[in-house]
Structures are given as C-alpha cells and as structure tokens.
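Novice: Provided below are the primary sequence and the corresponding predicted coordinates.
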Amino acid sequence: MTSFDAIVIGGGHNGLTAATALSRSGRKVVVLEAHREAGGALRGDTFHPGFRANGPAQTINRLDPDVAKLMALPAHLAGGRELSTTVLSGSEAPVILEGAYGDRITGVSPEEAERFRTLRDKLIFQAGILRCFLKRTPPPLEKIGMGDLATLGTAGLALLFKGREEGRDFLRMLLMNVADVADEYLTDDRLKALVAFDATLGIQLGPRSPTSLLGLYYRLTGEANGRIGGQFVPEGGMAALGEAFVAGALKAGVTLRTGAAVGRILADRGAVSGVVLESGETLTAPIIVSAVHPKTTFVALVDAAEIGTGFRRAIGNIRSNGNVARLDLALDAPPNFNGVPEDALTGRLVISRSMQHVETAFNPSKYGELPADPVMEVMLPSLSQPALAPSGAATLSALIPFVPYTLKEGWESGRDQLRASALAVLERHAPGIGRSVQAARIVAPPDIEAAYRMPGGHWHHGELQADQLLVNRPVHAASRFSTPIKGLFLASAGSHPGGGISGLPGLLAARHILAGEKR
C-alpha cells in the first residue's frame, strides 16, 4: 500500500495541471491514467499505416496564460501562428477571416466586413463579462465573499463605461439565439453561416434554438497568443502540447502512472481515504482529485451508499451525449479546394453556405438521424505537421456536428452513410479528392466515448448550456470543485468553467483545494 498527499485520477491536461499546482505547493502527488499514454484529448492515434490523426481537439483557442506559465510550456506550444478561417459555400468565392476572429476579412464588401467587425467587437465585449466569472471559482449562493463582489463590480463597471444602451443590449442578447443576432447585423449568408456554425459546434442546439448565442460567447471567452478570438495549432501538433503538459508535471515532481485504471474510490462515512486500481493495488491519500467525467466519478467509482439519492440522480441527469463526429482521411496528395489560396489551406475551412444550411443540418439530429448535407470544419493537419503522413501524402480531418450519439438506424450502417455524405460534400469543394483517398475513418460519439473514456462521447463532458454552467456545473452540489464526500474534488471539463483546451478546471480546482487548507 502506497501513500500520497493527493491522488489525481485522469492524465489529461486538466488532471496534469491540477497535479502540478498541488505538487508545487509541496504535496506528494500521483496521477493515475488508464490509457498507456497521458494527454487525454490531446492524444492522437494511427488510423491507417503511416497516417496519424490528432485527438478530438483540432485547434487551440482558450489555453489560459496562467496554466501555460504553471506548466512551463515552451513559447512555441503556448502560442503559435494564428490560423485563418475560410468559409466555403460552393456558389460564391470563399470568405477568409484572418487575425483574431476576423480582424481582417476578404471576400465580402467593405461594408459587410465593417458590419461583421461591429458584431465581433460587441460579442467580444459581452463575452468578456462572462469571462470574469469563468476565471474564478463560482461563489456559494448563500455566502458571497468580497472577491465575488469585486468580480460583480468589475463586470458592472464595464457595462457602465459602455453606457446604458450597451448594458440593456447585453441583457437583451444574453439568452437570444444566434440566428436572430446574425440577422440584425449581417447580410452575407456566408458570414451568418460561420457565426451559426461556431455557436453550435459541440452543442445540441441549432442556430434558431433559444440561448444558442451562449455557444459563441463561450468560444470568445478564450484567447490565443494573448488575443481574444485567436486560434492556433501548436508547433509539432496537439500531441506535442500533450507531451509538454506531461513534461511540466514531471518536472514539478508529480508521479505519473499510465495503464493504471482506477476501479474504485475508497470512502467511508463521507470521507475519502484512497483508491483501488483495477489491478487490485491500493493507494491511499486524504485528497482525491477526479479529472475524469463526473458521471464516471460518481456512478462508476464511488459507492452509491456514500452519496445521497438526490445527488446521484442529478449527476445521472447531466446531459453529455456528444453530437460531433470526425472524418479522418488518408490521402495520396494534398487536396485543392476551389478558390482557396495555398496559405489558407493550413488554417480552418468551414463548409457552411448559410444559416439555413446549419439549421437544416441540425434538424435530423433531434430525431436520431444523420444530416443528408452536413456542415463541417475541415483541416489538413499534415500540411503543418508533416510527420502525420508519408512524404507527398496528406491527412484531412473534418469535424461533423449534429451527429447523434444514439442513431436510430444504428452505427453499423450509420458510419457508411455519414462517410458517403461527408465525402460527397468534400468532392463538391475539392473535386477529385475521392480518387485520392487511401482510407477513410468515421469516429462517432460512441467511438470517442470508448477511446477517451468519456460517457456519451462529449468533449466538454457535458452540454455548455445555461443550466449546466457556473453554479450548476456539473450540478449545484458539486459546482465549486468540492463534492458531498470530504476530500473528493472534481477537475475535469465537466467542472467549472467547462471544456476546451484551457487547463482552467484543473488550475481552479487546485487553487480551491489549497485555499481550503489555509482557511
């Protein structure tokens, strides 16, 4: 039996961040990772001989600077060349947004570019109000502290400085749908399609669903290279960033054990005492930090007798069925997309011709069906990461939203249908790509669930909607990283503030634990 000051379950970037912060405070910390490699969603795999794909994450747009500093991430991994976004409609020339979410726009009229910048600036300002609350532990509703009042005051002052009209507009727009907001500001269908796509990617809402604007707010609470709305791919790819998180944890003195799946969290009379691995080995510690899905923590690892039925029911009701699939292609050569300049091929290509296109792609998912004409986010990772493909060949990865976890027809035939639909869309925009395909793999939400041990296959570990954010993430009784079991804390994407490659759930959980010890 081995003893530690803290045990962290899960070796993804949030678990490694929490472990590093605790270790730097002088604790003896071990991270237990079930997979043979640490890194979580930053971990890729080989999908065809000689061809590798990244994990669920394709770009970095919210890596927190405090996390990068704590983990001692090298500059070329904590930031990088800012990626452009190219919107492909098929009927018109592409729209290309460069800089931090459209500092510079080509392919639309100067008047439309100015309208987009007006909307962009408004959304970034409004997202900044939410960002104030995402960077700190949610306050207990029954006990608001001075720090919480200061945050509220800062948010209020920001609105006051913008004027009463801006304050009213923020309250008006907060729970609106993204389609109505886009219609107010924009006239170009391609730009409307982009904001609709970005607002709903990874969320079970369509553009005309109430509160769908929240998804775009959440995206714009992140930053890259110190710029709100920026995005980049680390030099060397996502796997290199995952390896840097591992290196940072090891340098801080963290013990990392891979291939060490936890079978049970030991708890008695409402307090933890350690864990038992699936191998039967027991490790003890007064603090357990679970950086895996909240459902895994409380349904699979904790004895039901240790938590109340109401709490367990609330955990079971977390909506976390994923709705994004990924298509990975092994290609003989890099494809040519109609009208897309060569330098834009290393950025993000969004295939979405209008708001109606996004809404139509969403509708079948409500009934467990696949979109006939999917929208998608396409990247060619091997152009900037040559090691992903043999010389002269290429990889393509496309995120396809609105793909239901539970498919009415079943995934045995559903994979072939989705693959055919996606390839047909790609053929329209990159003629001849079908002849270049050596292998095509569909990674559906159930596959993500199995590969990354994410119940439901949702990369955020739970829907990012109003009832599952802030003091309700993952549920109210565990929204401040503490849980009803003494010594057990949460630190995954299912915790505050949510998903994405930010490291904030891990960092804030560790700060909460350390602050509690000082009280």
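Specialist: Received, thanks.
Novice: ok, which stretches of the stretch 351-500 of the chain are helices?
Specialist: Assigned by DSSP state H, counting those that start in this stretch, the stretch 351-500 of the chain shows helices spanning 355-362, 411-429, 445-452.
Novice: quick one, the longest one and helix 445-452 angle?
Specialist: Right, the one you point to is helix 411-429. Per axes from the mean of the first three to the mean of the last three CA atoms, to 10 degrees, the angle that helix 411-429 makes with helix 445-452 is 100 degrees.
Novice: The first one now?
Specialist: Using the same axes, to 10 degrees, one finds that helix 355-362 and helix 445-452 are set 70 degrees apart in direction.
Novice: And helix 355-362, what does it pack against?
Specialist: helix 178-185, helix 189-200 (3 or more CB pairs under 8 Å, 6 or more residues apart in numbering; DSSP states H and E). C-beta here means a position set from N, CA and C on the backbone, and glycine is covered the same way.
Novice: residues near residue 366, how many?
Specialist: 12 (other CB atoms under 10 Å).
Novice: Against residue 279, how distant is it?
Specialist: Using CB to CB, to the nearest Å, one gets 43 Å for the distance from residue 366 to residue 279.
Novice: related to what we said a few turns ago, comparing the helices of the stretch 351-500 of the chain, which comes out most buried?
Specialist: Sort these by mean neighbour count, taking mean count of other CB atoms under 10 Å, and helix 355-362 sits at the top with a mean of 22.
Novice: I'd like the mean pLDDT over that helix, please.
Specialist: For helix 355-362, mean pLDDT is 98.
Novice: Nearest approach to residue 20 belongs to which of the helices of the stretch 351-500 of the chain?
Specialist: Taking CB to CB, helix 445-452 is the member of the helices of the stretch 351-500 of the chain nearest to residue 20, at 21.0 Å.
Novice: Which of the helices and strands in the protein ranks last by mean pLDDT?
Specialist: Least confident element among the helices and strands of the chain, by mean pLDDT, DSSP states H and E: helix 146-162 (a mean of 51).
Novice: what's the angle from the following helix or strand past that helix to helix 178-185?
Specialist: Later in the chain than helix 146-162, the nearest helix or strand by DSSP states H and E is helix 164-173. Angle between the axes of helix 164-173 and helix 178-185 is 150 degrees (criterion: the same axes, to 10 degrees).
Novice: May I see the buried residues of helix 164-173?
Specialist: Judged by neighbour count using 16 or more other CB atoms under 10 Å, the buried positions of helix 164-173 are 166-167, 169-170, 173.
Novice: Equivalent analysis for stretch 18-34, please.
Specialist: Going by 16+ other CB under 10 Å, stretch 18-34 has these buried residues: 18-25, 27-34.
Novice: likewise stretch 373-382?
Specialist: So, applying 16+ other CB under 10 Å, buried residues of stretch 373-382: 374-382.
Novice: swap in stretch 307-320?
Specialist: 307, 311-312, 314-315, 318, 320.
Novice: Check stretch 226-246 too.
Specialist: 227-246.
Novice: who's residue 51 bridged to?
Specialist: residue 48 (DSSP bridges).
Novice: wait, doesn't it sit right on residue 388?
Specialist: Yes - using CB atoms under 8 Å, residue 51 makes contact with residue 388 at a distance of 6.8 Å.
Novice: Could you list the low-pLDDT ranges of this protein?
Specialist: 1, 141-164, 517-519 (pLDDT under 70).
Novice: Can you tell me how far the closest residue to residue 406 other than its chain neighbours is from residue 321?
Specialist: Nearest residue to residue 406 in three dimensions, chain neighbours excluded: residue 368, at 5.7 Å (CB to CB, 6 or more residues apart in numbering). Remark: distance between residue 368 and residue 321 (CB to CB) = 11 Å.
Novice: With neighbour numbers in mind, choose between the two.
Specialist: residue 321 (18 against 14).
Novice: Contact partners for that one?
Specialist: 204, 404-406, 445, 456-458 (CB atoms under 8 Å, 6 or more residues apart in numbering).
Novice: Alright, I will stop here.
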